[in-house]
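Participant: 3D, please:
(chains A and B)
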Amino acid sequence: AQSVTQLDSQVPVFEEAPVELRCNYSSSVSVYLFWYVQYPNQGLQLLLKYLSGSTLVKGINGFEAEFNKSQTSFHLRKPSVHISDTAEYFCAVSDRRNNAGNMLTFGGGTRLMVKP
Amino acid sequence: DGGITQSPKYLFRKEGQNVTLSCEQNLNHDAMYWYRQDPGQGLRLIYYSQIVNDFQKGDIAEGYSVSREKKESFPLTVTSAQKNPTAFYLCASKSRREGLDTQYFGPGTRLTVL
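Facilitator: The predicted structure is shown next:
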């Protein structure tokens, strides 16, 4: 079984400032890692994913994340945020094994609030 | 254009009634999923289906039922046995052919029990 912890439920930040949203996971097996974004009253949109290869993953809207296996972390970063980045962000993991049902385990979410 | 649709966007139900939430996809995806979202709790898996005519319970299946008679459709019924059904419900799908675990989500249905 896996679990995902997003350490901050809310992150307020001023426009054009850098931001980091933290995600730690626990798993007894190898996992894939994902970040999704959710705007109010909408579904989830995939920001980026780590499957294999380079541990630094670049996604849409200028976001990137770094997989750190030793620290079991997958923190999301953006060097300069915009008002339009205000949303809820979810970190998720899934079991790499093909017979695992491809289910996602989500963290509790982090609400990013960008202020002018 | 391809995507996942959920209807209705908002749904109100009286206590004791069953309601069915629709989820349709035209992405030719094999697997489909239903999640429930409550404030501060992230998403929790209700049911999933990897192929037509087969589905499995997720973490919180009690009080819910599903069917998968067609590849494109995966309706969720919230029964009167579900004690606290007010929530935001999200449907997702995934291509087995892609070989990678990327789920794509619909816009959601907000269910409120009056």
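
Participant: which residues sit against the helix or strand where residue B:24 lies?
Facilitator: With secondary structure defined by DSSP states H and E, residue B:24 is part of strand B:19-25. With Cβ atoms under 8 Å, 6 or more residues apart in numbering or on different chains as the test, strand B:19-25 has contacts from B:2-8, B:11, B:13, B:32, B:34, B:72-78, B:89, B:91, B:93, B:106, B:109, B:111. Any C-beta I mention is one placed from the backbone N, CA and C, and that applies to glycine too.

Participant: Repeat the analysis, applying 6 Å as the threshold.
Facilitator: With Cβ atoms under 6 Å, 6 or more residues apart in numbering or on different chains as the test, strand B:19-25 has contacts from B:4-7, B:13, B:72-78, B:89, B:91, B:93, B:109.

Participant: ok, which stretches of the chain are strands?
Facilitator: Here I'm looking at chain A. Along chain A, the stretches classed as strands by DSSP state E are A:2-5, A:10-14, A:19-21, A:24-27, A:31-38, A:44-50, A:56-58, A:64-68, A:73-78, A:87-95, A:104-106, A:110-115.

Participant: You answered for a different chain; I wanted chain B.
Facilitator: Using DSSP E, strands in chain B cover B:4-7, B:10-13, B:19-25, B:31-37, B:43-51, B:54-57, B:64-66, B:76-78, B:87-94, B:104-105, B:109-113.

Participant: Parallel or antiparallel, which strands does the fourth one pair with?
Facilitator: Strands that pair with strand B:31-37, judged by DSSP bridges, come out as strand B:43-51 (antiparallel), strand B:87-94 (antiparallel).

Participant: export it as PDB, just CAs?
Facilitator: What follows is strand B:31-37, C-alpha atoms only, in PDB (Å, rounded to 0.1, in the frame of the first residue of the first chain):
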ATOM      1  CA  ALA B  31      -9.900   1.600 -17.600                       C
ATOM      2  CA  MET B  32     -12.300   3.900 -15.800                       C
ATOM      3  CA  TYR B  33     -12.400   5.100 -12.200                       C
ATOM      4  CA  TRP B  34     -14.700   6.900  -9.800                       C
ATOM      5  CA  TYR B  35     -13.400   9.100  -7.000                       C
ATOM      6  CA  ARG B  36     -15.000  11.100  -4.200                       C
ATOM      7  CA  GLN B  37     -13.500  14.400  -3.100                       C
END
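
Participant: Report the distance from that strand to the chain centre.
Facilitator: 4 Å (Cα atoms, centre = their mean, to the nearest Å).

Participant: Give me the contacts around the lowest-mean-pLDDT helix or strand in chain A.
Facilitator: Here the helix or strand of chain A ranked lowest by mean pLDDT, DSSP states H and E is strand A:104-106, holding a mean of 90. Under the contact criterion Cβ under 6 Å, 6+ apart, strand A:104-106 has outside partners A:2, A:4, A:90, A:92-94, B:42-43.
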